[in-house]
Structures are given as structure tokens and as C-alpha cells.
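K.L.:
coords please:
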Amino acid sequence: MDFLELAKQRYSCRDFANKKIEEEKINKILEVARIAPTAVNFQSQRILVLTEEENLKKLKEATPYGWNAPVIMIICYDKNVSWKRKYDDKDEGIVDASIVTTHMMLEAQDLGLGTTWIGSFDPESLKETYDIPENLEPVALLAVGYPGENATPSAMHEKRNSMEEMVYWNKIN
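P.N.:
Got it, this is the predicted structure:
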């Protein structure tokens with residue numbers, strides 16, 4: 001599929017079918033996460049994959065979202081591994097985890113799966129619930145599954161700023 005078409009078709013799925021995802025598809029999504037670009041190739045991404053019903057139910061302690069997806073991936077970065085910019089010591093781990101998550105969403109779309117990036121969660125509750133060590137910082141939860149019968153893009157999906165609002169050539173106003 002043409003990449004631009006793939007990116008246009010991907011939307012935040014908030015209705016997942018009660019259907020198990022094949023292990024091969026989960027592994028392809030994780031392989032895309034493994035090869036995604038990261039700052040200085042430090043590969044600070046760490047991913048916890050939740051597939052068991054008991055673990056998925058515990059997610060409610062950290063977020064009301066999840067839409068009964070059969071798989072939730074918790075994308076973190078390791079603060080001990082992530083690259084820090086020398087000029088201001090900015091930790092690029094959040095950027096690494098964001099790139100990784102985006103790649104995973106697009107691979108899932110290409111595999112016929114739906115995803116939603118969940119950013120609204122209590123990180124401390126998440127760490128406590130799943131025994132995530134202090135050096136790992138959760139950045140995103142990725143709900144993954146087959147879209148349900150009522151899955152449709154939100155009304156805002158097609159609303160995009162114009163190129164003129166987004167792009168500046170050679171100087172910003």
C-alpha cells in the first residue's frame with residue numbers, strides 16, 4: 001500500500017471486535033518497534049505487552065480508556081539508556097518512544113488492525129500496577145485489535161490544518 005494512503009486511512013479505533021490477534025501480527029508490530037529509529041540509535045524503548053484478561057482488567061486502575069482492546073502495549077523508555085542532548089540535557093527518550101509508537105500504529109494499520117494511542121493515564125499507578133521499574137518511563141499505551149462493527153474515524157479525523165498554516169520556508173514569520 002502507498003504510505004500516504006496508509007497514513008490517511010489510520011484512525012483512532014474506539015470499538016474493537018472480540019477477536020484474538022494472531023501472534024505473528026503482534027510479533028510484526030514488535031519487530032517494527034525494534035527497528036524504529038531512535039536518538040543516536042540508543043534504542044531506549046521498552047514495551048510491556050498485555051494480552052491476559054487479568055492484566056487488561058488491571059489497566060482500569062491507571063486509565064478509563066482501552067475500549068476492550070485484546071492487546072494493550074505499554075511503551076516506555078529507559079532513562080538510564082536514552083540519549084541526553086548535551087546543550088541542555090534534554091532527555092530524548094520520550095521522542096524515541098513516540099517514534100516507536102507511531103511506527104507500531106502504522107504497521108498495525110497495514111496488518112488490518114486498529115489502534116488508539118492512549119496518552120491519558122496515571123503513570124505512577126501504571127508503574128505500581130505492573131511493577132514497572134523506576135528507570136522506565138511510560139510514554140504511551142497502545143490499544144490494538146481488530147476494528148469492531150461500529151468502528152469509524154471520529155468527526156475530527158478529516159480536519160487538518162492547511163500546508164500554509166503548518167509550513168514555513170526559510171524563516172518563521
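K.L.:
Could you check how far the most centrally placed residue in the chain is from residue 118?
P.N.:
In the chain, the C-alpha nearest the mean C-alpha coordinate belongs to residue 101, at 3.5 Å (CA atoms, centre = their mean). To residue 118, residue 101 is 10 Å away according to CB to CB, to the nearest Å. Quick note: C-beta positions are derived from backbone N, CA and C, even for glycine.
K.L.:
list the residues that contact both of these two?
P.N.:
Contact criterion CB atoms under 8 Å, 6 or more residues apart in numbering; residues shared by residue 101 and residue 118: 140, 142.
K.L.:
contacting residues for the residue nearest to the centre of the chain?
P.N.:
Per CB under 8 Å, 6+ apart, neighbours of residue 101: 75, 117, 139-140, 142.
K.L.:
could you redo the last one with a cut-off of 10 Å?
P.N.:
With contacts defined as CB atoms under 10 Å, 6 or more residues apart in numbering, residue 101 is in contact with 33, 36, 45, 47, 73, 75, 115, 117, 119, 139-142.
K.L.:
now residue 107
P.N.:
6, 25, 28-33, 36, 113, 115.
K.L.:
for residue 123, same thing?
P.N.:
Contacts of residue 123 by CB under 10 Å, 6+ apart are 62, 74, 76, 132, 137-139.
K.L.:
ok, now with 8 Å
P.N.:
Listed by CB under 8 Å, 6+ apart, the contact set of residue 123 reads 62, 137-138.
K.L.:
hmm, back to that, in three-state terms, how would the residue nearest to the centre of the chain be classified?
P.N.:
Secondary structure, DSSP: H, G, I helix; E, B strand; the rest coil: residue 101 is helix.
K.L.:
do you know how far residue 100 is from residue 62?
P.N.:
On the measure of CB to CB, residue 100 and residue 62 end up 20 Å apart.
K.L.:
With neighbour numbers in mind, choose between those two.
P.N.:
Taking neighbours as other CB atoms under 10 Å, residue 100 and residue 62 compare with residue 100 leading, 29 against 23.
K.L.:
and that one, what does it touch?
P.N.:
Counting by CB under 8 Å, 6+ apart, residue 100 touches 33, 36, 38, 45, 47, 75.
K.L.:
For the fifth one, name its beta-bridge partners.
P.N.:
By that I understand residue 47. With DSSP bridges as the criterion, residue 47 is bridged to residue 75.
K.L.:
Sounds good, over and out.
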